[in-house]
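Enquirer: Need a 3D model of the following:
(chains A and B)
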Amino acid sequence: MKRWAFGLVALAVLAGLEASLRGLIGAYNYQVLILVGINIILAVSLNLINGFTGQFSIGHAGFYAVGAYTSASLVYYGGPGFRALTSFLPNMAQNAVLLLLGLLAAAIVAAIAGLAVGIPSLRLRGDYLAIVTLGFGEIIRVLILNINALGGSRGFSGIPQLSNFFWVYFFVLITIAAVHNLVNSSYGRALISIRDDEIAAEAMGVDTTRLKVMSFVISSMFAGIAGGLFGHFTMYLHPNSFLFTTSFNLIIMIVVGGLGSIEGSILGAVLVTVTLEAFRGFGAFRLVNFSVLLVLIMLYRPQGLMGSWTPFKMKQRAAAAK
Amino acid sequence: MGILDVRNCTKTFGGLVAVNDLNLSLNPGELYGLIGPNGAGKTTIFNLITGVYTPDDGLIELDGKPIQRLKPSTIARLGMSRTFQNIRLFQTMTVLENVKLARQMHMKQSLFDAVIRTHHLKEEEDEIEHDSLDLLKIFNLDKRAYELALSLPYGSQRRLEIARALATHPKVLLLDEPAAGMNPQEAIELMHLIKRSRDEFHITVLLVEHNMKVVMGVCEKIQVIDYGETIAVGTPKEIQDNPKVVEAYLGGA
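Expert: Next up is the predicted model:
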């Protein structure tokens, strides 16, 4: 019961903020806030596979792109027909249903892509996943560049704007809750056991291949949702939004925040996104300054800002035991 | 037919015959020792039984079911558990979580339960926590249940590995040199612990060990191998008097 009450309050707060925020902080800050939210979804989901399961994926942008283009093309090509069919609904309701359908498709297609990439590469122990995901990210980008129906290298324009602060942060909350619950269940324990010692995990009856694929598919699915939210906010997609550097920025977020810490991923996503925006004033020196910041963080907090989740958890549990 | 049967198993690595036409049979409830000089093939046999390697030839049966082509996790689910020669605990987990993980395979919660955190999941978690703490008490580890596994002293880490292996509710428990690195006092305590585990959990134990005091003190039946082949099987007394065994260990006179 308490959880439902909390959910309703959260929805009310989000709706209130959505109504007032743009006027309060201006369009630019509002856009940065949206970007922060999308990056939180991406970082938290990437942390599930890189931080908790201990497998190194460096192609998260690929699944992000799959989701973005799936949702955008579905709504772009199918949207008018849908609106004609449901003309009895008010416009707002049509928008919401259309967005949710687009995101559902984005999640499903990204999850299928995750399954296709994960099954062959996660059966093996070692760094195969890194190589395969790196390749996958580039293949998806080049593929989109060459599909005319998706705008090719001109970019995909004319996507209806359906997502906003409310929807982005609604899915931020869902992502955080889902990943948090998953990691704190028996599934989460099994994922962490794979990270700690795959051979021992297997000997304790943990089907390591199945769980690695499961974690990878869930991670890809959330990246797909983030992609859908992104396309329906910016109204324009270009393959250059999904470069290798996008994947890399996400890795920076989770490493800076602390691998295997959800709080860390959130903090990392906020910090990296905001810093990259704030440093725009430095012009050509923007990335130099950004790199200096990263070097300093890694020198003074090599385990990431939040460290691993365990110390916090331990204190909590030790207290609970007493 | 025993609870664990290895029949005519052979495993080669390139030109090296690590295990040659080996037979091994454990009766239910037995404490069985497997000994042999360094490089005799003991660890290879462990890896064959637990599914890490697939034998080139031969049959391995657990409780009548052929398991030689199954994955380690599937074999574990069928009732085989093990400890490792070099300790392999989940270091970033607490002592309690290590044991809870081993219960994993018997849990009924679905992915849906986990993500939504249903009532069913909470009940099952509580039950398992309770269970695991009871098990840790037997191993005198309950006081440190909430500490990281990594922070335990060496002897306790060894005990935790055995506790974790027992938490899977195995039919057969394989112990790979559990007394390695223990002082004489700890080794004696370990012997009592192995016997007690067998009696309380009604399991069959296969023990590989270099510490002869432990092997002779604990095992009811011992099999000696050298160069991947069996050279003697018998009671501790018979093994000690066997001239072939003396030769394998001390070299020909």
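Enquirer: Next, give phi and psi for the spatially closest residue to residue B:149 that is not a sequence neighbour.
Expert: Nearest non-adjacent residue to residue B:149, counting by Cβ to Cβ, 6 or more residues apart in numbering or on different chains: residue B:89, 4.3 Å away. Heads up, the C-betas are built off the backbone N, CA and C, glycines and all. Dihedral angles of residue B:89 (phi, psi; degrees, to the nearest 10) stand at phi -90, psi 160.
Enquirer: Test my guess that residue B:89 contacts residue A:201.
Expert: No: using Cβ atoms under 8 Å, residue B:89 makes no contact with residue A:201, being 11.1 Å away.
Enquirer: Please identify which of the two sits among more neighbours.
Expert: Per other Cβ atoms under 10 Å in any protein chain shown, whichever of residue B:89 and residue A:201 has more neighbours is residue A:201, with 27 against 23.
Enquirer: can you tell me how far the closest residue in space to residue B:225 that isn't next to it in sequence sits from chain A?
Expert: Of all residues not flanking residue B:225 in the chain, residue B:36 sits nearest, at 4.2 Å (Cβ to Cβ, 6+ apart). Residue B:36 sits 22 Å away from chain A, going by Cβ to the nearest Cβ, to the nearest Å.
Enquirer: and residue B:36, what does it touch?
Expert: Under the criterion of Cβ atoms under 8 Å, 6 or more residues apart in numbering or on different chains, the neighbours of residue B:36 are B:42, B:224, B:225, B:226, B:248.
Enquirer: how about 10 Å then?
Expert: B:42, B:45, B:208, B:210, B:223-231, B:245, B:248-249 (Cβ atoms under 10 Å, 6 or more residues apart in numbering or on different chains).
Enquirer: Among those residues, which lie within strands?
Expert: Counting by DSSP state E, the contacts of residue B:36 place B:208, B:223, B:224, B:225, B:226, B:229, B:230, B:231 in strands.
Enquirer: Tell me where chain B has strands.
Expert: Under DSSP E, chain B gives strands at B:4-13, B:16-26, B:31-35, B:57-62, B:65-66, B:80-82, B:172-176, B:204-208, B:221-226, B:229-234.
Enquirer: Go through these and name the closest to residue A:41.
Expert: The closest of the strands of chain B to residue A:41 is strand B:80-82. By Cβ to Cβ, the value is 39.6 Å.
Enquirer: Counting neighbours, what do you get for residue B:233?
Expert: That count, for residue B:233 with other Cβ under 10 Å as the rule, works out to 17.
Enquirer: ugh, typo on my part, it should be residue B:5
Expert: Residues near residue B:5, counting by other Cβ under 10 Å, number 17.
Enquirer: bridging residues for it?
Expert: Residue B:5 has these beta-bridge partners by DSSP bridges: residue B:25, residue B:61.
Enquirer: residue contacts, the residue in the stretch 151-253 of chain B that chain A sits nearest to?
Expert: Nearest residue of the stretch 151-253 of chain B to chain A (Cβ to the nearest Cβ) works out as residue B:168 at 5.9 Å. Applying Cβ under 10 Å, 6+ apart to residue B:168 gives the contacts A:203-205, B:76-77, B:79-82, B:99, B:101-106.
Enquirer: What subset of these is buried?
Expert: Using 16 or more other Cβ atoms under 10 Å in any protein chain shown as the burial test, the contacts of residue B:168 include A:203-205, B:76-77, B:79-82, B:99, B:101-105 as buried.
Enquirer: ok, the residues you listed vs residue A:195, which is closest?
Expert: Nearest to residue A:195 among these: residue B:101, at 12.0 Å, using Cβ to Cβ.
Enquirer: Assess the claim that that closest one and residue A:206 are in contact.
Expert: Yes: with contacts counted by Cβ atoms under 10 Å, residue B:101 reaches residue A:206, the gap being 7.4 Å.
Enquirer: Find residues that contact each of the two.
Expert: With Cβ under 10 Å, 6+ apart, residue B:101 and residue A:206 have common neighbours A:186, A:189, A:190, A:193, A:200.
Enquirer: Out of the residues you listed, list just those in helices.
Expert: A:186, A:189, A:190, A:193, A:200 (DSSP state H).
Enquirer: Most neighbours of all those residues, which one?
Expert: Neighbour counts for these (other Cβ under 10 Å) peak at residue A:193, which has 28 neighbours.
Enquirer: What's the separation between it and chain B?
Expert: Residue A:193 sits 5 Å away from chain B, going by Cβ to the nearest Cβ.
Enquirer: Give me the nearest residue to that residue, chain neighbours excluded.
Expert: residue A:201 (4.1 Å).
Enquirer: Quick check: that neighbour touching residue B:84?
Expert: No: Residue A:201 is beyond contact range of residue B:84, at 12.0 Å (criterion: Cβ under 10 Å).
Enquirer: What are the neighbouring residues in contact with the closest residue to residue B:44 other than its chain neighbours?
Expert: Setting aside the residues directly before and after it, residue B:44 is nearest to residue B:18 in space (Cβ to Cβ, 6+ apart), at 4.4 Å. Contacts for residue B:18 (Cβ under 10 Å, 6+ apart) come out as B:10-12, B:39-41, B:43-45, B:47-48, B:53, B:56, B:227-228.
Enquirer: Among the residues you listed, the buried ones, what's the PyMOL command?
Expert: Command for PyMOL, covering only those of the contacts of residue B:18 found buried under the criterion 16+ other Cβ under 10 Å:
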select buried, chain B and resi 10+11+40+41+44+45+47+48+53+228
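Enquirer: Give me the local confidence score for the residue nearest to residue B:149.
Expert: On pLDDT, residue B:89 comes in at 91.
Enquirer: Show the residue spans covered by the helices in the stretch 101-250 of chain A.
Expert: With DSSP state H, counting those that start in this stretch as the criterion, the stretch 101-250 of chain A has helices at A:128-145, A:165-183, A:186-196, A:198-203, A:208-234, A:244-257.
Enquirer: what's the most buried one of these?
Expert: For the helices of the stretch 101-250 of chain A, average neighbour numbers computed from mean count of other Cβ atoms under 10 Å in any protein chain shown are highest in helix A:208-234, which has a mean of 26.
Enquirer: what is the mean pLDDT for that one?
Expert: For helix A:208-234, the mean pLDDT works out to 94.
Enquirer: and for residue B:89 and residue A:201, which residues touch both?
Expert: residue A:193.
Enquirer: one step back: closest to chain B out of the shared contacts of residue B:101 and residue A:206?
Expert: Using Cβ to the nearest Cβ, the shared contacts of residue B:101 and residue A:206 come closest to chain B at residue A:200, 3.9 Å.
Enquirer: which helix in chain A runs the most residues?
Expert: Using DSSP H, we find that the single longest helix of chain A is helix A:2-47.
Enquirer: so that one versus helix A:208-234, what angle?
Expert: Inter-element angle recorded for helix A:2-47 and helix A:208-234: 100 degrees (by axes from the mean of the first three to the mean of the last three Cα atoms, to 10 degrees).
Enquirer: Now do the very next helix or strand once past helix A:2-47: distance to the chain's middle.
Expert: With elements assigned by DSSP states H and E, the helix or strand that comes after helix A:2-47 is helix A:60-85. Chain-centre distance of helix A:60-85: 17 Å, with Cα atoms, centre = their mean, to the nearest Å.
Enquirer: Quick check: pLDDT value at residue B:200.
Expert: Looking at residue B:200, its pLDDT is 88.
Enquirer: how many neighbours does the residue lying closest to residue A:40 once chain neighbours are set aside have?
Expert: Once flanking residues are discounted, residue A:40 sits nearest to residue A:269: 4.4 Å by Cβ to Cβ, 6+ apart. Residues near residue A:269, counting by other Cβ under 10 Å, number 30.
Enquirer: give me every residue that touches residue A:269.
Expert: Residue A:269 makes contacts with A:35-44, A:46-47, A:172, A:249-250, A:252-254, A:256-257, as judged by Cβ under 10 Å, 6+ apart.
Enquirer: I'd guessed residue B:244 sits against residue B:225; true?
Expert: No: using Cβ under 10 Å, residue B:244 is not in contact with residue B:225; the gap is 11.2 Å.
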